[in-house]
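make a model of this:
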Amino acid sequence: MSKLRVPVSARDHISGGRNAIVTLVEYGDYECPHCGAAQPNVHRVQAQFGDRLAFVFRHFPLTEIHPHALDAAQTAEFAGDHGQFWAMHDAIFRNQRVLSQTTLFALATSLGLSHVDLRDAIQRGRYLDKINEDFMGGIRSGVNGTPTFFINGERYNGNYLAPSLITAINAEMHAAVGQS
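Down below sits the predicted model:
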């Protein structure tokens, strides 16, 4: 079983409890259909555990097969600079089947963000370092496809359906509570 080689830190986008018992990290690609299918399950898991769970999304754009994945990751980071990472994250996945630069600009506008500033940020590669850091951290952690999940730093090899994730997270919570 592989381990998460880059610990969760302030550079990550974290949804949920800051002092959560369990942290779920996903390496994902906004254009990956499996990542899109996993998202409703992740939302169910988050609803189940509330603040007892922290969720982190890290970028792992598979640009050779998903031509819009890198622009989508940059768009999410741009929105994050404006306090709207998670709103954009969800909007991109909701619009995954029609993903294009035009769609990303429209999503930015719908969140009250400047599509002109977004276009400039993408053209200048303003967020490429952050995205590449996520990607390389994934490689170091043994990620070879998306979505890939880690639960409290250990790679999760089950499916991404909510019942399976909930079972694994419950087991980790019980183990964590038993150790304290």
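
from now on I want contacts and neighbour counts done on CA atoms only, so please keep to that.
OK.

quick one: low-confidence parts of the chain?
Applying pLDDT under 70 to the predicted model, the residue ranges of the chain that meet it are 1, 179-180.

just the CA trace of the helix or strand hosting residue 24, in PDB.
Mapping residue 24 onto the secondary structure by DSSP states H and E places it in strand 22-28. Once non-C-alpha atoms are left out, strand 22-28 reads as follows in PDB (Å, rounded to 0.1, in the frame of the first residue of the first chain):
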ATOM      1  CA  VAL A  22      -9.900  11.700   9.200                       C
ATOM      2  CA  THR A  23      -8.500  13.400   6.100                       C
ATOM      3  CA  LEU A  24      -9.600  12.200   2.600                       C
ATOM      4  CA  VAL A  25      -7.300  13.300  -0.200                       C
ATOM      5  CA  GLU A  26      -8.300  12.900  -3.800                       C
ATOM      6  CA  TYR A  27      -6.000  13.300  -6.700                       C
ATOM      7  CA  GLY A  28      -8.300  14.100  -9.600                       C
END
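
partner strands of it and their direction?
With DSSP bridges as the criterion, the sheet partners recorded for strand 22-28 are strand 53-59 (parallel), strand 148-151 (antiparallel).

out of these, flag the one nearest residue 124.
With distances scored as CA to CA, the stretch of those nearest to residue 124 is strand 53-59 (18.4 Å).

on that earlier part again, save the strands paired with strand 22-28 as JSON lines, and put in mean neighbour count and distance to residue 96 too.
Written out in JSON lines, the entries for the strands paired with strand 22-28 read as follows (neighbours: other CA atoms under 10 Å; distance: least, CA to CA, whole Å):
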{"stretch": "strand 53-59", "mean neighbour count": "23", "distance to residue 96": "15"}
{"stretch": "strand 148-151", "mean neighbour count": "22", "distance to residue 96": "18"}
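
could those strands go into TSV alongside distance to residue 8?
TSV is the format used below for the strands paired with strand 22-28 (distance: least, CA to CA, whole Å):
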stretch	distance to residue 8
strand 53-59	8
strand 148-151	11
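
out of the ones you listed, which is closest to residue 108?
Of all those, it is strand 53-59 that lies closest to residue 108, at 18.5 Å by CA to CA.

contacting residues around the closest one?
Counting by CA atoms under 8 Å, 6 or more residues apart in numbering, the neighbours of strand 53-59 from elsewhere in the structure are 8, 12-29, 46, 73, 131, 134-135.

what about 7 Å?
For strand 53-59, the external contacting residues (CA atoms under 7 Å, 6 or more residues apart in numbering) are 12-18, 20-29, 46, 73, 131, 134-135.

surely residue 114 touches residue 108?
Yes - the pair residue 114 and residue 108 passes the contact test of CA atoms under 7 Å, sitting 6.5 Å apart.

and those two? which has more neighbours close in?
Between residue 114 and residue 108, counting by other CA atoms under 10 Å, residue 108 is the more crowded of the two (24 against 17).
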